[in-house]
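> this one's sequence-less:
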């Protein structure tokens, strides 16, 4: 079971962390803000704006642990009843997917803005206005572009 964790469970949990997320529209003591993370929100826009993002490391670590435990529990249950063997090529493929996604993503996010890192949130969340789930390939659901039609010019007849 131990090689199965490094070859299958850990990279697969990182892939699920990459693919599945939750958005939160929350009312804080500062303003109404958008946060991301599942099961705990671990990222929010900076207060001053400018495109930077705040990352909260304790909720981020908790989210990673939850993803790992869910994949490990599922794998353990399958392994308990049916011994499975993951070929090393599949393990290498899973790690390659992680490396090809996370290294450019982290590099881009850290070069483009002055992101801030905190152990935990420094503001209070009063209430969750709205929330929902999304996958990485879906459009950002917080901004619903379908509500906005093309801009009308005043000189155009109706």
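Cool, got the structure. This structure is a prediction, so every number in the text was calculated from the model and none was measured. Residues are numbered from 1 along each chain as shown.

> for residue 117, see how far away the residue nearest in space to the middle of the chain is.
The chain has residue 21 as the residue nearest its centroid, 4.5 Å off, counting by C-alpha atoms, centre = their mean. Distance, residue 21 to residue 117, by C-beta to C-beta, to the nearest Å: 19 Å. All C-beta spots, glycine's among them, are computed from the backbone N, C-alpha and C.

> residue 83 is in what secondary structure piece?
Assigned by DSSP states H and E, residue 83 belongs to neither a helix nor a strand.

> gap between it and residue 76?
Separation of residue 83 from residue 76 (C-beta to C-beta): 12 Å.

> residue 94 and residue 11 touch, don't they?
Yes. Here residue 94 reaches residue 11: they are 3.7 Å apart, a contact under C-beta atoms under 8 Å.

> more crowded one of those two?
residue 11 (22 against 19; other C-beta atoms under 10 Å).

> quick revisit: sec struct for the residue nearest to the centre of the chain, please.
Assigned with DSSP: H, G, I helix; E, B strand; the rest coil, residue 21 falls in the strand class.

> pLDDT score for it?
At residue 21, the pLDDT value in this model is 86.

> wait, what's in contact with it?
Residue 21 sits next to 36, 37, 38, 133, 134, 135, 136 when contact means C-beta atoms under 8 Å, 6 or more residues apart in numbering.

> name the surrounding residues that touch the worst-scoring helix or strand of the chain on mean pLDDT.
The least trusted helix or strand in the chain, going by mean pLDDT, DSSP states H and E, turns out to be helix 2-4, with a mean of 74. The contact list for helix 2-4 (C-beta under 8 Å, 6+ apart) reads 75, 79, 84, 86.
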